[in-house]
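S.K.: With the sequence up front, the predicted model follows.
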Amino acid sequence: MKKIVFTLTTLVALAFVFAFTLPSNWSIAPKYNISFTTSGVSGIFKKFDGNIVFDEQNIGAAKFDVTIDVNSINTGNGMQNKHAKGSDWFDAARYPSIKFSSQKFMKVGTAYQVTGNLQVHGITKSASIPFTFKRAGNGGTFEGIFNVNRNDFGIGKPAGEVGDVIKLVVSVPVTKK
Amino acid sequence: MFKRSLFLGILSGLFAGMASLVYQKVYASSLGEDFASIARPAGIIAISLFAGIVAALLYWAFSKWLGNKSEIVFNIVLVVSSFASILAPFAMKLPFDIETPELFPGLIVPMHFFPALAWFTLKPLFIRSERAYQKIFA
């Protein structure tokens, strides 16, 4: 009898510990926002997908693998959209996706920072993205603001009417899988 | 002269507005996008009416200043300004929730010609060309 009680207690304790250390998997909720602004142009990307594993208590096991569909760009102007997807800019026919794959997470005060590989226009560079995560019930929202220099990824020509540094604002609501 | 040209302008504007609304319905039924949040019916009527009144004032002013040449100068100004105004819908930046901004100029550009078309169509009912009148009744 003692053995059974001991075994059951051990199993319950292990399950308890395991439940709190297993990183949370999140599904991306529909009302996300991936917007960008720079001098001369602003817009959004309408299609965004990926896998998000994140737990504030265990950021070492966190993982972001996300993809943005370049063809879903919307600047609010038809001609600008066509231009942005063209070979001089994103070249969406050859490089239809923007990808980010995380490598390292850090806690910075009350926020976080993820460092990973950002692939845009076929060029991969290391990028650090500061973000916050706010839990709300069975879900939460990731939010981040960061800058990307388009010249690092060979998008468009340096200088000109469109600013070199693009400010990205990301807001991704998630629900638990 | 002023009253006749003003009345012609108002009526042309109203006709152009109605034609634009009909075109918007046809456009929406064929392409599935009516841009009703941007091109509101009241706005379309108001802008068309405004264009008609501006045309009327210009016509009256030209007839005062330019005499015999007023007709041809006014016609050229009306057509060139209608044509030049189509740049605006191409340059316009729409809200990001509009899925297909590419289709917007296709809706708005024809509307820019409706006030001129209505003016030219209705003008013989209000203002007769002296030369044509003389030729017909000479």
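M.R.: The structure has been received and is ready for your questions. Numbering: from 1, shown residues only, chains lettered A, B, ... in the order given.

S.K.: Please spell out which residues along stretch A:135-142 are buried.
M.R.: Within stretch A:135-142, the residues scored as buried using 16 or more other CB atoms under 10 Å in any protein chain shown are A:G140, A:T141, A:F142. To be clear about C-beta, it is placed using only N, CA and C from the backbone, and glycine gets the same treatment.

S.K.: Contacts for stretch A:168-177 next, please.
M.R.: A:24-29, A:31-37, A:48, A:52, A:129, A:131, A:138-148 (CB atoms under 8 Å, 6 or more residues apart in numbering or on different chains).

S.K.: cutoff 6 Å now
M.R.: Contact with stretch A:168-177 is made by A:25-29, A:31-36, A:138-146, as judged by CB atoms under 6 Å, 6 or more residues apart in numbering or on different chains.

S.K.: average pLDDT for that stretch?
M.R.: Averaging pLDDT along stretch A:168-177 yields 94.

S.K.: Now it: buried residues?
M.R.: A:L168, A:V170, A:V172, A:P173, A:V174.

S.K.: would you say the second one is within a strand?
M.R.: Going back to what we said before, that points to A:V170. Yes - per DSSP: H, G, I helix; E, B strand; the rest coil, A:V170 lies within a strand segment.

S.K.: Run through the bridge partners of it.
M.R.: With DSSP bridges as the criterion, A:V170 is bridged to A:I34, A:G144.

S.K.: picking up where we left off before, okay, the buried residues of stretch A:135-142 in a markdown table with distance to chain B and secondary structure next?
M.R.: Formatted as a markdown table, these follow (distance: CB to the nearest CB, whole Å; DSSP: H, G, I helix; E, B strand; the rest coil):
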| residue | distance to chain B | secondary structure |
| --- | --- | --- |
| A:G140 | 24 | strand |
| A:T141 | 19 | strand |
| A:F142 | 20 | strand |
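
S.K.: surely A:F131 meets A:G144?
M.R.: Yes - using CB atoms under 6 Å, A:F131 is in contact with A:G144, at 3.6 Å.

S.K.: What lies in contact with the lengthiest strand in chain A?
M.R.: Using DSSP state E, we find that the single longest strand of chain A is strand A:123-136. Strand A:123-136 is contacted from outside by A:111-115, A:117-118, A:140-144, A:146, A:152-154, using CB under 6 Å, 6+ apart.

S.K.: what lines up beside it in the sheet?
M.R.: Strand A:123-136 is paired, per DSSP bridges, with strand A:111-120 (antiparallel), strand A:139-149 (antiparallel).

S.K.: looking at this, B:S29 is in a helix?
M.R.: Yes - assessed by three-state DSSP, B:S29 belongs to a helix.
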